[in-house]
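Visitor: here's a sequence, model it:
(one chain, ligands or ions: 1)
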Amino acid sequence: MRQIDWKEFVKLRGHEKRPYFEKDGRPFHIVMAQQFDREFLDEICALATKIRGIAKSHAGRDFLSSLLRTRRAMLYFAQPSSRTYLSFGAACQILGLSTLDVRDLATSSEAKGESQEDSVRTFSSYVDLIIMRHYSEGLAERMAWMMNFIGRPIPIINAGSGKDQHPTQALLDIYTLWRSFENYGGIEGKKIAMVGDLKRGRTVRSLSYLLRHYPGVKIYFVAPPQLQMGNDLKEYLREHKVPFEECDSLREVIPLVDAVYMTRIQDEHGKIEGLDFSKYQFKIDYLRLLGPNAVILHPLPRRDEIPVEVDNDKRAMYWRQERNGMWIRVALIAMIFSKDQDILRY
Ligand code: NCD
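Guide: Numbering: from 1, shown residues only. Got it, this is the predicted structure:
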């Protein structure tokens, strides 16, 4: 791999960065959704399903927890998290990795003025994997780039980078769609609505990048005009010939789609005055408008985008989606440490 400085590196397009996120042609750093191809997506979904099956028996759980027993992972979460933090922690335990964490920067030497680079490099001295969530958009990418040029490089997994990306959430969303449409022709050709704060929601961004790998998919971006999907992403979809439409009415879109992906307003990034978000909430009577085989997803946490009465409908997938997140993360970590073949042979 060519040594490349950061300024030059950031200017590369997603797929051009991919070699820097791989080791021996295998995924190493997990930074952005553009780094995944269709083969990888199919492989990871199949691996997650295989792992779930193995984990049903006592002997299977013993086998899984023997795979990475001598390894340690660091959970570096500088932003609030329940699901991502816990499911990564659980995934590590399933594979036998022990974990260390920093969740509050006030307890880390960053509070003494240490740079983010030095902090992460320090973490890397003690562990074999860093899973990081940070408010700064480019930090995980920068750390992955940096790892390639230090003596003991370890993999970096981006567990949420500011408003930009959440690639492992996108993997679990794909896994949930894959399972939901397994008997209905797969994800190919499905119509998917993404609803809510699309401008500042990182999950919808990462998922949109992945949907280009499924021919015939059409996306409906349902959001108030000031929170519509960013131009960079729309440009990417045009380039890859993924049809999309921007709309303002959730009610009108519901009968047309196979999946509704709800999101909350991301007001930690600033309040928007005079916004009536109720138009972008899933009303209980929408259940009658939604197709019988359609599904409702949400990365969670929810506020009032989905009333609790919807939870018991068989099309509500968000609780299963949470659980899928743990299995896909087990699969991902197993792949990074080249344990996938051992698992598939089990
Ligand atoms: C999401 C996130 O952090 O981006 N949560 C998650 O990881 N499941 C969505 C959100 O916070 O709205």
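Visitor: and the residue of the stretch 201-346 of the chain nearest the ligand?
Guide: Residue of the stretch 201-346 of the chain nearest the ligand, by CB to the nearest ligand atom: Pro299 (4.0 Å). Where you see a C-beta, it was placed from the backbone N, CA and C, and this is true even at glycine.
Visitor: could you report the pLDDT at that residue?
Guide: Here, the pLDDT recorded for Pro299 equals 98.
Visitor: now it: which helix or strand?
Guide: Assigned by DSSP states H and E, Pro299 falls within no helix or strand.
Visitor: could you measure from it over to Val195?
Guide: As judged by CB to CB, to the nearest Å, Pro299 and Val195 stand 12 Å apart.
Visitor: check Asp258 too.
Guide: Distance of Asp258 to Val195, computed by CB to CB: 14 Å.
Visitor: near the ligand, which residues of this protein?
Guide: For the chain, the contact set with the ligand under CB under 6 Å from any ligand atom comprises Arg83, Thr84, Gly160, His166, Gln169, Arg202, Thr203, Thr263, Arg264, Pro299, Leu300, Pro301.
Visitor: filter these down to the buried ones.
Guide: Among the residues of the chain next to the ligand, those buried by neighbour count (16 or more other CB atoms under 10 Å) are Arg83, Thr84, Gly160, His166, Gln169, Arg202, Thr203, Thr263, Arg264, Pro299, Leu300.
Visitor: surely the second one meets Gly160?
Guide: Yes - at 6.3 Å, Thr84 counts as touching Gly160 under the criterion of CB atoms under 8 Å.
Visitor: list the residues that are in contact with both of these two.
Guide: Contact criterion CB atoms under 8 Å, 6 or more residues apart in numbering; residues shared by Thr84 and Gly160: Arg133, His166, Gln169.
Visitor: phi and psi next, for the residue located most distally from the centre of the chain.
Guide: The centre of the chain is farthest from one residue, Lys112, which by CA atoms, centre = their mean lies 31.6 Å away. Lys112 has phi and psi values of phi -90, psi 10 when expressed as degrees, to the nearest 10.
Visitor: roughly how far apart are it and Asp118?
Guide: 11 Å.
Visitor: how about the strands in the stretch 201-346 of the chain?
Guide: Secondary structure of the stretch 201-346 of the chain by DSSP state E, counting those that start in this stretch: the strands cover 218-222, 244-247, 259-262, 295-297.
Visitor: so what strands line up beside the second one?
Guide: When you say that, I think you mean strand 244-247. Using DSSP bridges, the strands paired with strand 244-247 are strand 218-222 (parallel).
Visitor: measure stretch 232-248 end to end?
Guide: Start and end residues of stretch 232-248 are separated by 20 Å (CA to CA, to the nearest Å).
Visitor: for it, what is the average pLDDT?
Guide: 97.
Visitor: with stretch 17-34 instead?
Guide: Averaged across stretch 17-34, pLDDT comes to 94.
Visitor: gap between the lowest-mean-pLDDT helix or strand in the chain and the chain center?
Guide: In the chain, the helix or strand scored least confidently by mean pLDDT, DSSP states H and E is helix 14-17, which has a mean of 89. Between the centre of helix 14-17 and the centre of its chain there are 18 Å (CA atoms, centre = their mean, to the nearest Å).
Visitor: just checking: what are the partner strands of the helix or strand that it is followed by?
Guide: Next along the chain after helix 14-17, taking DSSP H and E as the criterion, comes strand 22-23. Strand 22-23 pairs in its sheet with strand 26-27 (antiparallel), by DSSP bridges.
Visitor: and the contacts of the partner strand?
Guide: Residues from elsewhere that reach strand 26-27 (CB under 8 Å, 6+ apart): Phe21, Gln35, Phe40, Leu332, Met335, Ile336, Ser338.
Visitor: the stretch 51-200 of the chain: strands as residue ranges?
Guide: Remark: strands assigned in the stretch 51-200 of the chain by DSSP E, counting those that start in this stretch are 72-77, 98-102, 129-134, 156-161, 191-195.
Visitor: deepest-packed of these, please.
Guide: Ranked by mean neighbour count, the strands of the stretch 51-200 of the chain are led by strand 156-161 with a mean of 26 (mean count of other CB atoms under 10 Å).
Visitor: contact partners for Arg212?
Guide: By CB under 8 Å, 6+ apart, the contact list for Arg212 reads Tyr236, Leu237, His240, Val242.
Visitor: for the second one, give me its contacts.
Guide: Translated: Leu237. Contact partners of Leu237, counting by CB under 8 Å, 6+ apart, are Ser208, Arg212, Ile219, Phe244.
Visitor: out of those residues, which is nearest to Val310?
Guide: Checking those against Val310 with CB to CB, the nearest one is Ile219 at 21.9 Å.
Visitor: buried ones among the contacts of strand 26-27?
Guide: With burial judged by 16+ other CB under 10 Å, the buried subset of the contacts of strand 26-27 is Phe21, Gln35, Leu332, Met335, Ile336.
Visitor: turn these into a markdown table, columns for distance to Arg2.
Guide: Formatted as a markdown table, those follow (distance: CB to CB, whole Å):
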| residue | distance to Arg2 |
| --- | --- |
| Phe21 | 14 |
| Gln35 | 17 |
| Leu332 | 27 |
| Met335 | 25 |
| Ile336 | 23 |
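Visitor: hmm, back to that, return the member of the contacts of Arg212 nearest to Phe123.
Guide: Using CB to CB, Tyr236 comes nearest to Phe123 of the contacts of Arg212, at 31.9 Å.
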